[in-house]
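Peer 1: Okay, structure incoming, though there's no sequence with it:
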Ligand code: DON
């Protein structure tokens, strides 16, 4: 933990984006957050040194005694701090927390092997299901960001996110039909309902039949809920021997709950928003989620994080990932298709304008500068609702040049990240 301790103690120079992000009104509502991130109102400027001595001390305590956080004095300090703010977590909850190591989820796309995050993240399954549906179309021939290709990709997202909403949650609590969801035959079934010339309708989507557990369809646990009516970090690393690591870690929103755990000096997340707090009511990212992801004691929330590694002929080809809530999945898919289907290099693929669909709300999100007005009109003529937004996500990716073995790092031009080699 030494590097992290050093950075916390001696500080880091803030980028423009980091300094800007600290102008957060909600941070100012919590005295410790206001003190640490806003110097009590004397806001940090880009280039300022930002150090966190309390965090350094906390990390040192954990380094000296690894179970300090969950079982030691720190667990009691943290629980007391949470309860002081009206939170529910107890020292016993912390003591009972278990870290789980899980096998990744695997699929293939046009001969490439896709290795990604397993449940309780939906990231890997939803990515692989989307790609399985798309594998039946020659996207490269249709052309990068052509109306045809966007139509098909949005329809694939619609279907995969629909399944996500209904079936996915913590595998320790609910049985997930993972094998069926990532089955190529199931994707073939989905393609049969996909009209090449008309937008689908999320409310009328019917799942293909003949797939065991999936046959219970929307009737049993509709994510619509009967009649009731941003911060994450990603980094990719490859070492000199070709070992690859793809890491996404999340506090959920920017600065999490905005609450700092007192003198412990770190922020508390607002991860409860990743659960279905009420079926039929969208979460902070507009996601409708189902009973499978309902809140329960000891349960882990469903995530969309999709740290992903792609192999070609057993060799490392891409390391991908991003923040962005549900848009993580479409971001990783956009980048992956940029390279595999449209022949972009990794930097072009990361910077390319993105689009997103998540079943509900039933619309294609595009970046403001993302598509030509002609393409938008073609999509609208098919029946798609188009919502233009400022940019989102932050792809931090690596590609391996097949011939030279050279590592090509691509940090998203939208953010303040950086590709480095040493
Ligand atoms: O795990 C998830 O899916 C969310 N907690 C991620 C939130 C996120 O990426 C916000 N970043 N912009």
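Peer 2: Looks like it arrived, so ask away. Given the structure is predicted, the values throughout are model-derived calculations rather than measurements.
Peer 1: dump the residue contacts of residue 269.
Peer 2: 250, 251, 252, 256, 257 (CB atoms under 8 Å, 6 or more residues apart in numbering). Quick note: C-beta positions are derived from backbone N, CA and C, even for glycine.
Peer 1: which ones among these come in contact with the ligand?
Peer 2: Among the contacts of residue 269, the residues lying close to the ligand (CB under 6 Å from any ligand atom) are 250, 252.
Peer 1: Next, format the contacts of residue 269 as a markdown table and append secondary structure.
Peer 2: Output for those, formatted as a markdown table (DSSP: H, G, I helix; E, B strand; the rest coil):
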| residue | secondary structure |
| --- | --- |
| 250 | strand |
| 251 | coil |
| 252 | coil |
| 256 | coil |
| 257 | coil |
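Peer 1: Tell me the one of the contacts of residue 269 nearest residue 334?
Peer 2: Nearest to residue 334, judged by CB to CB, of those is residue 250 at 19.7 Å.
Peer 1: Close to the ligand: what parts of the protein are there?
Peer 2: Counting by CB under 6 Å from any ligand atom, the residues of the chain near the ligand are 230-232, 250, 252, 274, 303-305, 323-325, 328.
Peer 1: could you redo the last one with a cut-off of 5 Å?
Peer 2: 230, 232, 250, 252, 274, 303, 304, 305, 323, 324, 325 (CB under 5 Å from any ligand atom).
Peer 1: Narrow the residues you listed to those that are buried.
Peer 2: 230, 232, 250, 252, 274, 303, 304, 305, 323, 324, 325 (16 or more other CB atoms under 10 Å).
Peer 1: Just the pLDDT at the third one, thanks.
Peer 2: Same thing as residue 250. We have a pLDDT of 96 for residue 250.
Peer 1: now swap in the second one and tell me
Peer 2: At residue 232 the predicted local confidence, pLDDT, stands at 87.
Peer 1: Could you shift the numbering so residue one becomes 16, and keep it that way?
Peer 2: Will do, 16 is the new start, and the previous item becomes residue 247.
Peer 1: Check which element follows the helix or strand hosting residue 53 along the chain.
Peer 2: Applying DSSP states H and E as the criterion places residue 53 in helix 46-53. Counting by DSSP H and E, the element after helix 46-53 in chain order, helix or strand, is strand 64-65.
Peer 1: By mean pLDDT, point me to the weakest helix or strand of this protein.
Peer 2: Here the helix or strand of the chain ranked lowest by mean pLDDT, DSSP states H and E is helix 232-235, holding a mean of 46.
Peer 1: so where do the helices sit in the stretch 116-265 of the chain?
Peer 2: 138-149, 154-157, 162-182, 193-196, 199-207, 232-235 (DSSP state H, counting those that start in this stretch).
Peer 1: So for residue 368, which of the ones you listed sits nearest?
Peer 2: Nearest of those (CB to CB): helix 162-182, 10.4 Å.
Peer 1: ok and that closest one relative to helix 138-149, angle-wise?
Peer 2: 140 degrees (axes from the mean of the first three to the mean of the last three CA atoms, to 10 degrees).
Peer 1: Flag every buried residue along helix 162-182.
Peer 2: Buried residues in helix 162-182 (16+ other CB under 10 Å): 162-182.
Peer 1: Give me the below-cutoff pLDDT ranges for the stretch 216-365 of the chain.
Peer 2: Counting by pLDDT under 70, the ranges of the stretch 216-365 of the chain that qualify are 230-245.
Peer 1: Going along the chain, name the strands of it.
Peer 2: For the stretch 216-365 of the chain, strands defined by DSSP state E, counting those that start in this stretch occupy the ranges 247-253, 259-265, 323-327, 330-335.
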